[in-house]
Every structure is written in C-alpha cells, then in structure tokens.
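Q: here is my input; please provide its structure:
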Amino acid sequence: MPGFDRQTVWAANVNFNDVDSTQFQHPPTVTTDGQLLIGSTIPPNIRIGTLTASGGMVITSGAGTIDINGAGAGTPTTYAADAGSATPAANILNIVGGASGVHTAGAGNTVTLSLSAIPNSSLTNSSVTLSNGNNITITGSPVSLGAAATINVSGTTDHCVQLGNATGSLTSLTNGTTGQVLTAVTGADPTWSTPSGGFTWSVLTVDASFTVNTGTIANKAGLLTMTLPATAAIGDIIEITGINTAAGWLIAQNANQQVFIGTSSTTLGAGGSIASINIRDSLRMVCVVAGANTAWNVLSSMGNLTIV
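A: Below is the predicted model:
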C-alpha cells in the first residue's frame, strides 16, 4: 500500500485530478512513456504532461527515458558543395575562403562572403584570342589580362569611298576628280559624274560667240558683238549685260536663227540682230527650238533695245 516512510512518499502512481476526496477511486494518471509532472498556476497545480518537439528537435520517449535529439528534419546534417560535402563536427561547420580571392567574416548570426582582386595566375584561362576578319587586321593576339591588342581597318585605298558587299568586306570605289559628285545607280555601285547645270558669268572685251548657260558681261571699248551659239538645246539660257561705253553690245545671228521678244522678232538669219542703246542694258533669253536653226524667246530685258 502507498504511504510515508519518514520524509519519503511512496506509491505506485499518482493522481492530481482533485476529484471528490470522499471517493476512494483514484486511478493512476501516469501511464504513458515520457509523461512528466508539470506545475500549473491553475488547479490542479500538479499535472501530467509531455514534452513537445519543435525547431527540428526530435523527442523519443521510452520506459523511464526521454531522448531529445537536435538532428531532426529542420536541422541539416550534411552540406553539399560544388565539390564534395561537409558535415558539422561538435555542432560546428567551418565556412572558409579559398585561394581565389574569396574571404569570409562572421559576426553574431551572420557569415559574410567577400571577393577581393583575383590574381591572373589563379585563373585557368587568362587570355583571349582575337582573329582577323574582312578588312580587319589584329596585332597583339592572344591578349592577356591587362594587356592590349590593336585593331586596324585594312585593305582600303586612301581618300576613297568605301562600299559594302555581299561578303561582308569593304571595296574602295575609284576616286573621282575635283568637282565630281557621287551618283546612285540602282542595283550597282555608285559612280562619279560631273554635275550639269548652273550658271556662270564671263567678262568679255573681244567679239565672240555665246556659250549656253553662261552670262556675258560686255566690257569692250567699242561695240561688243556676240553671236548666237551654232547649236543649242531646248531650255538653254544665255544672258548679256554691259559695263563698257555707251557703244554697248549687239547680238548677231547665224543662218536660219531668230530671236522673239514679245510680239516682235528679229529678221530670220544673219540679217537679224538685237542691240543695246545704253551702257547698262541687259537681256536674258531661252532656246525654244533646238538644233542649228535655233529660235530664242526673250524672258526679260532692261533698257530700250534695237531690234533688226
């Protein structure tokens, strides 16, 4: 039977459920492996309970034993690396830097990894090989870290325009001459050509024939005679103005040529002409009938002209 022996309480089991003390039925309450007597602020103040595992801990209860193990599913026991694996020893796992500039530092619950300058000698491939290409020449290859290579455009001609082609290289276009312009050609390389058109002026002091698309400034001491061009194209322009004496200028005609000024006209052929009266008289006309038997229309004039 349970009882007291001096200061020792002895019994086969306990029951602190605070049931009616008049009853003599107090079934034992500690009946499972791992049960413990645990204090409580709420009556009954002594209760029967068990330990609860958390945070990856594993609790294994036996007959009179409780095994608490920290190697549960939440706590790694092996750490895999790029090469091999590591297992903590005495609950310590070392994290150290390598020989390639990797460093570690621990403080509190933090491990910091840092990377310092990596020496070229520690790299497996510390150079780059560069190859020549179309119109590209490289010197200094292979290039080591910290070194330099030179890349030059090659196979071109001085002062020439470079053209691309289907092979991915460059072709030097033959250089043009002074005053020429580059003209596009559909489906082919562009070509150099001398631009047509424009209008230039010349000061003349002797009799001559007109040059189409050119202006004449008469500066002869006496009368300056300018003969129409032997041939001309539709749209060709000639102009004349004077800066000499009042003798001025005279436009002569070749056979079968004629000049029209409004409703008036010169005599057809060499017998017709137009002449200035005053020193600054001027005239501008355009070819309207091409060939040798040209006809010209006066577009504008300044002064009172003599029409023969």
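Q: next structured bit after the lowest-mean-pLDDT helix or strand in the chain?
A: Across the helices and strands of the chain, mean confidence by mean pLDDT, DSSP states H and E is lowest for strand 8-10: a mean of 63. Sequence-wise, the next helix or strand downstream of strand 8-10 (DSSP states H and E) is strand 36-39.
Q: who's in contact with that following strand?
A: 14, 16, 30, 45-51 (C-beta atoms under 8 Å, 6 or more residues apart in numbering). C-beta coordinates here come from the backbone N, C-alpha and C atoms, glycine included.
Q: who does it pair up with?
A: Taking DSSP bridges as the criterion, strand 36-39 forms sheet pairs with strand 46-49 (antiparallel).
Q: thinking again about what came up before, which single one of the contacts of strand 36-39 is nearest to Leu268?
A: Comparing those against Leu268 with C-beta to C-beta places Leu51 closest, at 134.8 Å.
Q: how about that closest one: what's its closest non-neighbour residue?
A: Ile59 (5.2 Å; C-beta to C-beta, 6 or more residues apart in numbering).
Q: list the beta-bridge partners for the one you found.
A: Ile68.
Q: list the contacts for it?
A: 34, 51-53, 66-69.
Q: break the chain down into its structural domains.
A: Using automatic domain parsing, the domains assigned to the chain come out as 9-49, 200-307.
Q: mean pLDDT lowest for which of the ones you listed?
A: Lowest mean pLDDT within the domains of the chain: domain 9-49, at a mean of 72.
Q: and the residue nearest to Leu51, how far is that from Ile68?
A: Going from Ile59 to Ile68 by C-beta to C-beta, to the nearest Å gives 5 Å.
Q: between those two, which contacts overlap?
A: Taking C-beta under 8 Å, 6+ apart as the contact rule, the neighbours common to Ile59 and Ile68 are 51, 53.
Q: check the secondary structure at Thr167 for me.
A: Put simply, Thr167 is coil when judged by DSSP: H, G, I helix; E, B strand; the rest coil.
Q: over to it: give its phi and psi.
A: Main-chain dihedrals, Thr167, degrees, to the nearest 10: phi -90, psi 0.
Q: in contact with it, which residues?
A: Thr167 neighbours (C-beta under 8 Å, 6+ apart): Asn134.
Q: now name the helix or strand holding the closest residue in space to Gly262 that isn't next to it in sequence.
A: Nearest non-adjacent residue to Gly262, counting by C-beta to C-beta, 6+ apart: Val298, 7.5 Å away. Using DSSP H and E, Val298 sits in strand 295-302.
Q: next, the buried residues of that strand.
A: Applying a neighbour-count criterion of 16 or more other C-beta atoms under 10 Å, one finds 295-296, 298, 301 buried in strand 295-302.
Q: who touches that strand?
A: 228, 238, 241, 257-262, 274, 280-289.
Q: pull out the buried members of these.
A: Buried members of the contacts of strand 295-302, scored by 16+ other C-beta under 10 Å, are 228, 238, 241, 257-259, 261, 274, 281-283, 285, 287.
Q: take those and keep only those in strands.
A: Per DSSP state E, strands hold the following members of the buried ones among the contacts of strand 295-302: 238, 241, 258-259, 261, 274, 282-283, 285, 287.
Q: redo these as CSV? Include distance to Thr104.
A: Shown next, in CSV, are those (distance: C-beta to C-beta, whole Å):
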residue, distance to Thr104
Ile238, 94
Thr241, 95
Gln258, 106
Val259, 103
Ile261, 103
Ile274, 105
Ser282, 96
Leu283, 98
Met285, 97
Cys287, 94
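Q: the residues you listed: which two are farthest apart?
A: For these, the maximum inter-member distance is 22.0 Å, found between Thr241 and Gln258 (C-beta to C-beta).
Q: I'd say Thr267 and Val308 touch.
A: Yes. Look at Thr267 against Val308 with C-beta atoms under 8 Å: they come within range, at 6.2 Å.
Q: alright, calling it a day.
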